[in-house]
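J.: any chance you could fold what I've pasted below:
(chains A, B and C)
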Amino acid sequence: MSTTFRERDIISITDFSREEILALCASGQRMAELERSGKRNSLRDALKHRTLSSLFYEPSTRTRTSFNTGMRELGGRYDGFSGTEGTSVMKNETVRDTITMMCANHNDVIVMRHPLDGSLQWAADVASIPVINGGDGKNEHPTQALLDVLTIYALRGERLDGLRVGFGGDLSHGRTVRSLSLALSHFDDITIRWAAEDFLGMPEDLVQLLSARGVTVIRDASVRDVMRQVDFYYMTRPQLERMQGVRQKDIVAMMKQYRIDMPKIEGVSTRLLHPLPVNSEIAEIDHRVYFTPAQAFFAQAEYGIFLRKALLHEMLGHDGYTRYSGKLPAELGVGNNRLARAILAGKQSGMFIDKITNGTVIDHLAAGTLRAVSDALDLENRGYSCTTATITEKPNPFIKTNLRDLPERDLKRIALLSPEPTINTVAEGRIVEKYVYLLCANSNCITRTINEDVPPRFFNDEGSIRCRYCRRPLAVAHRKVTAEDLRAYTASLPTRIQPVAYPD
Amino acid sequence: MSTTFRERDIISITDFSREEILALCASGQRMAELERSGKRNSLRDALKHRTLSSLFYEPSTRTRTSFNTGMRELGGRYDGFSGTEGTSVMKNETVRDTITMMCANHNDVIVMRHPLDGSLQWAADVASIPVINGGDGKNEHPTQALLDVLTIYALRGERLDGLRVGFGGDLSHGRTVRSLSLALSHFDDITIRWAAEDFLGMPEDLVQLLSARGVTVIRDASVRDVMRQVDFYYMTRPQLERMQGVRQKDIVAMMKQYRIDMPKIEGVSTRLLHPLPVNSEIAEIDHRVYFTPAQAFFAQAEYGIFLRKALLHEMLGHDGYTRYSGKLPAELGVGNNRLARAILAGKQSGMFIDKITNGTVIDHLAAGTLRAVSDALDLENRGYSCTTATITEKPNPFIKTNLRDLPERDLKRIALLSPEPTINTVAEGRIVEKYVYLLCANSNCITRTINEDVPPRFFNDEGSIRCRYCRRPLAVAHRKVTAEDLRAYTASLPTRIQPVAYPD
Amino acid sequence: MSTTFRERDIISITDFSREEILALCASGQRMAELERSGKRNSLRDALKHRTLSSLFYEPSTRTRTSFNTGMRELGGRYDGFSGTEGTSVMKNETVRDTITMMCANHNDVIVMRHPLDGSLQWAADVASIPVINGGDGKNEHPTQALLDVLTIYALRGERLDGLRVGFGGDLSHGRTVRSLSLALSHFDDITIRWAAEDFLGMPEDLVQLLSARGVTVIRDASVRDVMRQVDFYYMTRPQLERMQGVRQKDIVAMMKQYRIDMPKIEGVSTRLLHPLPVNSEIAEIDHRVYFTPAQAFFAQAEYGIFLRKALLHEMLGHDGYTRYSGKLPAELGVGNNRLARAILAGKQSGMFIDKITNGTVIDHLAAGTLRAVSDALDLENRGYSCTTATITEKPNPFIKTNLRDLPERDLKRIALLSPEPTINTVAEGRIVEKYVYLLCANSNCITRTINEDVPPRFFNDEGSIRCRYCRRPLAVAHRKVTAEDLRAYTASLPTRIQPVAYPD
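T.: Prediction:
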């Protein structure tokens, strides 16, 4: 057994190298061979004392039960919840506390689905056992991409190089196309073809990224053209709910063009994949197509079992277990403003702040936000002073308070209303520290919620800064972030939350 | 072990012969004896590598957990869902796709409850593993009838012949009385007694069917009269929600008459059965009756365990498992209009249709439905022509379109609005095929839903035609269906969906 | 293994003696030692044929999954439901029937959470297998108190005597503080300190009870004062929903005072406990405190596993199982009016009741309730006579009916509207029996629901009368209950529902 995946978190498809993907494919194929030779249960001793904690904050049948099947066939067990009704989540429990509880609860691995982007990286940071991303908001679902790759690998005679694949449905709004194409970009001589309206087409940034990695991306005139020139056609569900600006007439035309029906597959040997479920109201794949040899998405569903069984076996198929310590890693308690400090290093003004000998000045607030920010902080009711002021010549108002060391929740409340506020810490009438508070700009990122208490953190991805959790690039509007800033910040991070490096 | 039930679907109580019912009773009794001799767990190796997929689209505690207990005591496992919150069903997944997914998921048997009549036969058609009906709408719940029979068999010294049974509560609206009495009709010298208001009484068609099978059915003047003359009194929950036309005063009188309280059971040795749950608001069985020797419904509950354990053992207690193929049976992709064609065979008119050289004429639409049908088809927005016309001398309007080979969904949309439409396929200006599209008339039948894509299919039951799925007789209003039509249709069916034959 | 807990119900923390608590602590510590020495799974044969029925009528992640983990590590299995959606509870099934079903279902132990006070004692009365209280309404959650004690025992070097513990948060409305302090009151030299607003403080009756048992209870001026003088600080969630009369300003001040943040724990060696979940909206424990050595509530969470694993092992770790009889214990069918009769013994008046030769007179109804009571009984629609009358000189109206032996549901309907009604049974024109119908006064007690059919029952607790189910003292407003009444009543009770005796 490879030790690559032993006790490792599975958070993003971008964490996997070519060698790792191939190792998982080989392992998945071994599981498929056991099944075919009647040995489905031959590994029942492998995980016989291991338990999967299955935490689905959002609906799932398929992903949840396929992980369960993997555990079952390896002799392991599972427990958890599906849907938050009937759980402590309704009592405002944080992800941090739920995850820690599940570690205290003697589980060996967690698979989790959660509506917030980045929630799975945070879960992995907090957990003392490995965490598998079963879908974090609109962000990632890495075992889906891995099972897609395994299916292609298996059905093409254990080869990925030279693959020609078509993408259909909604290439713009879903996460599936992005993840699968990034996984395939590790391989040689990959051609991706697609045909769709502009507003459903492949995002320009993805095309550029793929091209830079050597993938050939071709836009064809019609789905039928694509179908004739590819080995696999990967269909996805149109995300109608995100097409509000589109005219009804265009949607009908679009529906007719993309839907896979009998004429579209006639005379081609292309095999159809789909992450499932097919939406029976939309019927993006016609009923009759299900009964043709082109249909490969139910074989794909079984490869989902093989992939997850293989992954669990690689991760947990060894003796022993992790003793739970009862402690949270101390470095997770540290907030993010080290980056902000790095950015503003050397810019302390030493300006004298009248009337506040010890406290904080929140500066550079966006015009028009003063009232909302001071309401959100509610300083006076909490027993602190609060002076709000706007200097006539300057557009940006400020707030003075005798509260020092603003809690992270206060910093977020400010930044959600007025991005990139400057925070001045005042001691004995002088500014002793000055920094900008930076927050990920992705509105669905877990770091932007108040109650979850996830501090914003970033990492240096080949010169650009990304959110540690949702991995979106950090958009800093009003400041210049330099290479030195990044270096200083990166050096300051504790080991556990070291920057993520993309492999290869 | 008998091999009668090996890998067999359990869909309807009418599929069981006398011998099969007795074989299951004997097997259930063996399970009861193991329990009584302290050997509850002696069969823990029988299904140790088998998994039950438990798919409850509707609420269940009792049925779901008793199947689970059966699996557990045979060493097997189970997984699935109870309630559709938290499942892909919310994402418009069809029964076909969910079932196929669960086969791909390496389960060995499925037990399912679903709100639509006929959904379980469809599930069994689609599945590559055996399917057990845990309740399909108002249609069937065969393991309930089987456990009722087992309870009577066991408590009467392993005999069913000569049984005298009373039925109480709501004999008209529930499925329990019908299923149990049909199961008992296989045995000799059966007497059924009942006493109830007309609107709660035994349906006339059921009485006739039972009489034809040799069962004596007697209506008594009072519940007390019944109670004195039977071995078992089978009480059921009144389906108050289906009695909207009934006067409040009548319901109160009816409640008083049917409720089982202490005076009703005084001095008789009759034993009370009930499928459970008792509705505590209605209290069709009084609290005090629970504590008397008449109460046998909790023993009955345990016979539910023995029956399901026995059934699972008979079905799965052998080596090996079914390899999942990834394919759907091709014959399921064929629609139903072979029956329609058989009915209209030889009646092609060859009439010239002006302006449509290739397309379809939908004829014989019901008066007043033209607008609704053409709206439902929405042909023009889909890029096809649509001409609607009413000929003054004839009451039935028609639609012409250049769309050929109407998809099954379109045929259903038409037939739901205008039953038994005539479909004329036109090629080169001539009608080349003409058929009537027939749909099951049961409004809760799965074949009448658009999204589920279940084609209507029928079978020949001793000269009458029944829906393959909900098994209701086909009501054909405007056509004559002959014996030849039936023969031609039956001969045309693929093996997998051969007509169901009632045993005995 | 101790046999103290074998097949025993776990309903209230007050049922445990000092020796029993210490025995459980020692057993829990053995589980902790197995875990620490890598032997988490060494007891996998202990309960390998046992099943836990997990019946959570209310949300739970933590309690439910920790019992599951206990079962799993002892080789046992579990089944049941979490949340009542998707269960027969939606069909008006009683606790009695659900519990009996689960016994018929071959489970070996039940853990249940239910919204009604006293529901767990009723479940234990009905069940033929042991029942563990996982929370009954606002009443009890004994395994929480036991795990709290185990945590303190383990972290203090296996000693409880001499403990100094602080309580924080909401000492007035929650059940945790009461249960834990009562458990600790068995030990020597216990000091409890607290500081809170009056309306959040320790209830006076609890302070008196603890003092009587030798516990020193001290109110300090501030949380910080408490923190400096205790070994453990037990924080609880403020029950904001129960503070409606409190001014917003007071709540803000209170929040500031009780919340555990960095300044509060600075420089002290106190360890923080919390039953969890922490409410992330309120954040009664600040995020940063989680990462300090003071935080012991995640270790406490793991002791919850050890405690439950130990408890299940003590209860079920022996051969054999309970055969289900199919019967309910006959003595549970007997109502409560034996107490009422004892109270009024010798007071039969023999008064002549005109016009009712056989029937019931319901007397001493509260002024103004006559109409509501007669509407609730709805006697005429049920076919009985009903005469309502108010005698001018007396304030209390009465009802006469020819219905004899009023069903318990009718008695409850009366008593819910007019407490302590007098019931006169009339035969041949004379009163042959006269009693007062008494009902527990706790509005959330299961005995006050109509549909559950739980008869009120009481027990003699050192001279005062308590409800058998919710254990609240019986408040009898209009009658004098004497020691003789109690003796007569207690003597009349069947063995199975003998009065509960507090141990020690």
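
J.: domains in chain A, by residue range?
T.: Annotated domains of chain A cover A:13-140+A:304-330, A:144-301, A:335-497 [automatic domain parsing].

J.: right, so those domains: which one is the most enclosed?
T.: domain A:13-140+A:304-330 (a mean of 22; mean count of other Cβ atoms under 10 Å in any protein chain shown). From N, CA and C alone the C-beta is placed, and that goes for glycine too.

J.: ends of that domain, what's the gap?
T.: By Cα to Cα, to the nearest Å, the extent of domain A:13-140+A:304-330 from end to end equals 28 Å.

J.: what's the answer for stretch A:132-140, then?
T.: OK, stretch A:132-140 end separation, Cα to Cα: 11 Å.

J.: check whether it comes near chain B.
T.: No. Judged by Cβ under 8 Å from any Cβ of the partner chain, stretch A:132-140 and chain B are separated, with a smallest distance of 12.6 Å.

J.: which residues sit against that stretch?
T.: With contact meaning Cβ atoms under 8 Å, 6 or more residues apart in numbering or on different chains, stretch A:132-140 is reached by A:9-13, A:56, A:58, A:60, A:63-64, A:67, A:109-121, A:141-144, A:175, A:179, A:311, A:444, A:470-471.

J.: picking that back up, rank the domains of chain A by pLDDT, which is bottom?
T.: With a mean of 83, domain A:335-497 has the lowest mean pLDDT of the domains of chain A.

J.: get me the contact residues on the stretch 351-500 of chain A for chain B.
T.: For the stretch 351-500 of chain A, no residue is in contact with chain B (Cβ under 8 Å from any Cβ).

J.: how about the strands of the stretch 351-500 of chain A, start to end?
T.: Along the stretch 351-500 of chain A, counting by DSSP state E, counting those that start in this stretch, strands occupy A:358-363, A:387-389, A:398-401, A:422-427, A:430-436, A:458-461, A:464-467.

J.: which strands or helices does the last one pack on?
T.: So the one you mean is strand A:464-467. Under the contact definition 3 or more Cβ pairs under 8 Å, 6 or more residues apart in numbering or on different chains; DSSP states H and E, strand A:464-467 sits against strand A:458-461.

J.: direction included, what does the strand it packs on pair against?
T.: Within its sheet, and counting by DSSP bridges, strand A:458-461 is paired with strand A:464-467 (antiparallel).

J.: ok, residues contacting the partner strand?
T.: Strand A:464-467 is contacted by residues A:118, A:339, A:440, A:442, A:445, A:447, A:456-459, A:472-474, A:476, A:481, A:486 when judged by Cβ under 8 Å, 6+ apart.

J.: picking that back up, B:G162: which of the domains of chain A is closest?
T.: domain A:13-140+A:304-330 (47.0 Å; Cβ to Cβ).

J.: distance from the chain centre to that closest one, please.
T.: Mean-position distance between domain A:13-140+A:304-330 and its chain equals 16 Å (Cα atoms, centre = their mean, to the nearest Å).

J.: circling back: tell me which of the contacts of stretch A:132-140 fall in helices.
T.: A:T63, A:R64, A:F67, A:S119, A:L120, A:Q121, A:P142, A:T143, A:Q144, A:S179, A:L311 (DSSP state H).

J.: verify the stated contact: the second one with A:S54.
T.: What that stands for is A:R64. Yes. Judged on Cβ atoms under 8 Å, A:R64 makes contact with A:S54 at a distance of 5.8 Å.

J.: overlap in contacts, the two.
T.: Counting by Cβ under 8 Å, 6+ apart, the residues touching both A:R64 and A:S54 are A:S82, A:V111.

J.: what ranges does the stretch 51-200 of chain A have for its strands?
T.: Counting by DSSP E, counting those that start in this stretch, the strands of the stretch 51-200 of chain A are A:51-56, A:77-82, A:109-114, A:131-136, A:164-168, A:191-194.

J.: could I get those strands in JSON lines, plus columns for distance to C:Q300?
T.: Formatted as JSON lines, those follow (distance: least, Cβ to Cβ, whole Å):
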{"stretch": "strand A:51-56", "distance to C:Q300": "19"}
{"stretch": "strand A:77-82", "distance to C:Q300": "20"}
{"stretch": "strand A:109-114", "distance to C:Q300": "20"}
{"stretch": "strand A:131-136", "distance to C:Q300": "23"}
{"stretch": "strand A:164-168", "distance to C:Q300": "51"}
{"stretch": "strand A:191-194", "distance to C:Q300": "53"}
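
J.: would CSV of the domains of chain A with distance to C:G76 be doable?
T.: Listed next are those as CSV, based on distance: least, Cβ to Cβ, whole Å:
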stretch, distance to C:G76
domain A:13-140+A:304-330, 11
domain A:144-301, 32
domain A:335-497, 35
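
J.: which residues of the stretch 51-200 of chain A lie near chain B?
T.: A:56, A:59-62, A:65-66, A:68-69, A:72-73, A:82-83, A:85.

J.: as TSV, these with distance to C:I251 would be great.
T.: Formatted as TSV, those follow (distance: Cβ to Cβ, whole Å):
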residue	distance to C:I251
A:F56	35
A:P59	37
A:S60	39
A:T61	43
A:R62	46
A:T65	45
A:S66	48
A:N68	45
A:T69	50
A:R72	50
A:E73	54
A:S82	36
A:G83	32
A:E85	29
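
J.: and these, which is closest to chain B?
T.: A:G83 (3.3 Å; Cβ to the nearest Cβ).

J.: was I right to think the closest one contacts A:L55?
T.: No. The criterion here is Cβ under 8 Å, and A:G83 misses it with A:L55 at 10.8 Å.

J.: tell me, what's touching those two both at once?
T.: Counting by Cβ under 8 Å, 6+ apart, A:G83 and A:L55 have no shared contacts at all.

J.: next one: stretch A:33-47, is it in contact with chain C?
T.: No. Residues of stretch A:33-47 are not located near chain C by Cβ under 8 Å from any Cβ, the shortest gap being 11.5 Å.

J.: ends of that stretch, what's the gap?
T.: 19 Å.

J.: and stretch A:444-452, by the same measure?
T.: End to end - Cα to Cα - stretch A:444-452 spans 13 Å.

J.: ok, and what's touching that stretch?
T.: Residues from elsewhere that reach stretch A:444-452, judged by Cβ under 8 Å, 6+ apart: A:92, A:94-96, A:114-119, A:122, A:137-138, A:409, A:412-413, A:416, A:439-440, A:442, A:454-457, A:467, A:469-470, A:472, C:280-281, C:283.

J.: tell me the residue of the stretch 101-250 of chain A that sits nearest chain C?
T.: For the stretch 101-250 of chain A, Cβ to the nearest Cβ, closest residue to chain C: A:A104, 4.0 Å.

J.: surely that residue meets A:Y324?
T.: Yes. Here A:A104 reaches A:Y324: they are 5.4 Å apart, a contact under Cβ under 8 Å.

J.: shared neighbours, these two?
T.: Listed as contacting both A:A104 and A:Y324 by Cβ under 8 Å, 6+ apart are C:E302.

J.: what is A:V361 paired to in the beta sheet?
T.: Beta bridges link A:V361 to A:K400, A:N424, judged by DSSP bridges.

J.: for C:D188, see how far away it is.
T.: A:V361 sits 56 Å away from C:D188, taking Cβ to Cβ, to the nearest Å as the criterion.

J.: try A:I450
T.: Distance from A:I450 to C:D188, counting by Cβ to Cβ: 46 Å.

J.: over to A:G137?
T.: 54 Å.

J.: then A:H49?
T.: 41 Å.

J.: with A:I99 instead?
T.: According to Cβ to Cβ, A:I99 stands 39 Å off from C:D188.

J.: and if you look at A:R259?
T.: Distance, A:R259 to C:D188, by Cβ to Cβ: 78 Å.

J.: swap in A:T63?
T.: With distances taken as Cβ to Cβ, A:T63 is found 54 Å from C:D188.

J.: A:E266 now?
T.: In terms of Cβ to Cβ, A:E266 sits 88 Å off from C:D188.

J.: which single residue of the stretch 351-500 of chain A ends up nearest chain B?
T.: A:N444 (19.4 Å).

J.: for the stretch 351-500 of chain A, which segments count as helices?
T.: For the stretch 351-500 of chain A, helices defined by DSSP state H, counting those that start in this stretch occupy the ranges A:370-377, A:408-417, A:483-492.
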